[in-house]
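In: need a structure here:
(one chain, ligands or ions: 1)
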Amino acid sequence: MKKFIVTALVILSLMLFLIPATIQADNGLSVVESSVDISFPQKITFNISAASDVPITDIRLHYEVERSSFAQVTAEIYVGVIPAQSIETQWIWDMRRTGGLPPGADVIYWWTITDAAGKKIETAPQTVQFNDGRYDWKTIQQGQVTLNWYEGDDSFAEELMAATQEALMRLAANSGASLESPVSLYIYANQSDLIGAMIYPQEWTGGVAYSQYGIIAMNVEGTQSRIESGKRTISHELTHLVINQVTNNPYNYLPNWLNEGLAMTSEGELELSFILALSRADAENSYISVRSLCSPFPADINQTILSYAESYKIVSYLINEYGRDKMFELLDTFRQGSGYDEALKKVYGFDMDELNSLWRSE
Ligand SMILES: [Zn+2]
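Out: As a prediction, the model looks like this:
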């Protein structure tokens with residue numbers, strides 16, 4: 001894995017976006033050229049050259065990352081300059097210091113430049129897409145979903161796209177939730193390619209949903225069994241994206257059992273390993289409580305499997321017993337920032353402790 005990352009660093013492909021120098025201020029202060037280089041996933045280099053009749057004294061870069069967030073942050077970078085009538089400089093956004101961005105994330109940026117006469121210009125905002133230029137991406141699109149891939153033929157991509165559409169239909173039937181804004185899937189051909197797309201990868205990573213960006217990056221190898229598990233991963237991660245869109249609020253997160261349970265039900269039938277975990281817990285009376293399942297799942301692999309399996313069962317119980325509209329009402333209640341017990345009581349008339357015994361008596 002390490003070896004791959006080193007190789008990826010060496011063969012980093014550079015993408016160059018040149019923006020013609022059209023910005024002229026009538027006072028003589030002007031931008032000569034502005035461009036951006038992307039070295040995915042490590043950095044973005046912003047280049048600027050400007051000229052004026054008098055020395056330029058101040059150059060600042062401003063940028064924002066496009067994502068759903070309650071406080072959109074604009075970064076303002078003071079690019080240190082030695083005053084001169086003509087200046088060519090750059091600023092490097094080193095993701096190793098700030099944390100990375102997913103492939104396909106949009107960054108909006110502009111410059112402000114001031115000269116010694118106190119004249120100031122601001123360039124028009126430009127959008128640059130943080131693309132993974134290491135591969136030759138192909139794209140298909142259906143509804144709100146864009147799927148990007150580089151290995152395998154069209155039918156491979158179409159099969160995965162069909163799985164996304166089925167997952168969205170299943171989710172809508174179960175919960176009434178549907179995509180509110182577009183999503184992009186990036187399908188890597190294997191795990192090391194996927195890991196090469198991340199700044200701080202975890203070795204087990206098979207797929208990541210970047211909910212705030214509406215982006216999923218995952219790997220699907222071309223063999224049939226891998227495609228089958230890939231379709232499950234897509235359905236699962238896509239559900240997280242949709243649920244994030246319909247419940248996003250600045251006050252509260254969803255209980256984990258609800259988020260993971262919905263993602264599991266979108267995958268389809270429960271897989272054998274989960275069924276076995278449930279029968280073991282049933283025999284040993286070692287179920288994890290609904291209340292404990294609100295928090296991040298335990299690290300122990302058997303406990304993790306049981307956590308997902310129970311989440312599937314709890315959510316299935318709510319959907320089967322009370323239907324889609326109640327589930328949608330529950331999600332909507334969470335969107336308003338409700339507490340866990342409070343939301344359950346309001347929608348179903350019972351709290352988490354009661355739910356704990358109810359789903360097990362099924
Ligand atoms: Zn999940």
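In: Please look at residue 198 and residue 101 and confirm they touch.
Out: No. Contact criterion CB atoms under 8 Å: residue 198 and residue 101 do not qualify, at 10.2 Å. Where C-beta positions appear, they are placed from N, C-alpha and C, glycine not excepted.
In: Neighbour count for these two, which is higher?
Out: Between residue 198 and residue 101, counted using other CB atoms under 10 Å, residue 101 has the larger neighbour count: 21 against 17.
In: mind listing what the residue nearest the centre of the chain touches?
Out: Nearest to the mean C-alpha position of the chain, by CA atoms, centre = their mean, lies residue 210 at 1.2 Å. Residues near residue 210 by CB atoms under 8 Å, 6 or more residues apart in numbering: 102, 105, 216, 217.
In: In this structure the first one contacts residue 212, no?
Out: No. Counting by CB under 8 Å, no contact exists between residue 102 and residue 212, whose distance comes to 9.3 Å.
In: ok, back up a step: need phi/psi at the residue nearest to the centre of the chain.
Out: Residue 210 adopts backbone torsions of phi -90, psi 80, taken as degrees, to the nearest 10.
In: now it: how far from residue 101?
Out: Here the criterion is CB to CB, to the nearest Å. By it, residue 210 lies 8 Å from residue 101.
In: need the strands for the stretch 101-250 of the chain, in chain order.
Out: Along the stretch 101-250 of the chain, the segments classed as strands by DSSP state E, counting those that start in this stretch run 105-115, 120-122, 126-130, 138-142, 145-149, 183-188, 207-210, 215-219.
In: quick one on the thing from earlier: anything in contact with each of residue 198 and residue 101?
Out: Common neighbours of residue 198 and residue 101 (CB under 8 Å, 6+ apart) are residue 41.
In: max-length strand in this protein?
Out: strand 43-65 (DSSP state E).
In: dump the residue contacts of residue 230.
Out: Counting by CB under 8 Å, 6+ apart, residue 230 has contacts 160, 163, 187, 218, 219, 220, 221.
In: rerun at 6 Å
Out: Residue 230 makes contact with residue 220, according to CB atoms under 6 Å, 6 or more residues apart in numbering.
In: Quick one: low-confidence residue ranges for the stretch 1-150 of the chain.
Out: 1-27, 69-71 (pLDDT under 70).
In: Can you tell me the SS state at residue 263?
Out: helix (DSSP: H, G, I helix; E, B strand; the rest coil).
In: Let me know the average pLDDT across the helix ranked longest in the chain.
Out: The helix that spans the most residues within the chain, counting by DSSP state H, is helix 301-335. Helix 301-335 carries an average pLDDT of 96.
In: And it, what's buried?
Out: Judged by neighbour count using 16 or more other CB atoms under 10 Å, the buried positions of helix 301-335 are 305-319, 326-335.
In: Equivalent analysis for stretch 145-159, please.
Out: Those would be 145, 146, 147, 148, 149, 150, 151, 152, 156, 157, 159, for stretch 145-159 by 16+ other CB under 10 Å.
In: any chance of the residues you listed in CSV, plus distance to residue 126?
Out: As requested, the buried residues of stretch 145-159 are exported to CSV (distance: CB to CB, whole Å):
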residue, distance to residue 126
145, 26
146, 22
147, 26
148, 22
149, 27
150, 26
151, 31
152, 33
156, 34
157, 30
159, 37
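In: can you redo those as CSV with distance to the ion?
Out: Shown next, in CSV, are the buried residues of stretch 145-159 (distance: CB to the ion, whole Å):
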residue, distance to the ion
145, 18
146, 21
147, 20
148, 21
149, 22
150, 25
151, 25
152, 25
156, 24
157, 23
159, 22
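In: Determine which two of these are furthest apart.
Out: Of all pairs drawn from the buried residues of stretch 145-159, the one with the longest distance (CB to CB) is 145 and 151, at 19.3 Å.
In: sorry, back to before: can you name every helix or strand that the longest helix of the chain contacts?
Out: Contacts defined by 3 or more CB pairs under 6 Å, 6 or more residues apart in numbering; DSSP states H and E place helix 301-335 against helix 154-175, helix 224-247, helix 256-267, helix 272-284, helix 340-348, helix 352-360.
In: close to the ion, is that helix?
Out: No. Counting by CB under 5 Å from the ion, the ion is not contacted by helix 301-335; separation bottoms out at 7.8 Å.
In: between that helix and helix 340-348, how many degrees?
Out: Counting by axes from the mean of the first three to the mean of the last three CA atoms, to 10 degrees, helix 301-335 lies at 60 degrees to helix 340-348.
In: got the angle for helix 301-335 vs helix 352-360?
Out: Using the same axes, to 10 degrees: helix 301-335 against helix 352-360 is 120 degrees.
In: Tell me the gap between helix 301-335 and the middle of its chain.
Out: Centroid separation for helix 301-335 versus its chain: 22 Å, with CA atoms, centre = their mean, to the nearest Å.
In: Up against the ion, what does the stretch 51-200 of the chain have?
Out: Residues of the stretch 51-200 of the chain lying near the ion (CB under 5 Å from the ion): none found.
In: can I see the domain layout of the protein?
Out: 2-130, 148-248, 249-362 (automatic domain parsing).
In: export the ones you listed to JSON lines and tack on distance to residue 141?
Out: Shown next, in JSON lines, are those (distance: least, CB to CB, whole Å):
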{"stretch": "domain 2-130", "distance to residue 141": "13"}
{"stretch": "domain 148-248", "distance to residue 141": "9"}
{"stretch": "domain 249-362", "distance to residue 141": "20"}
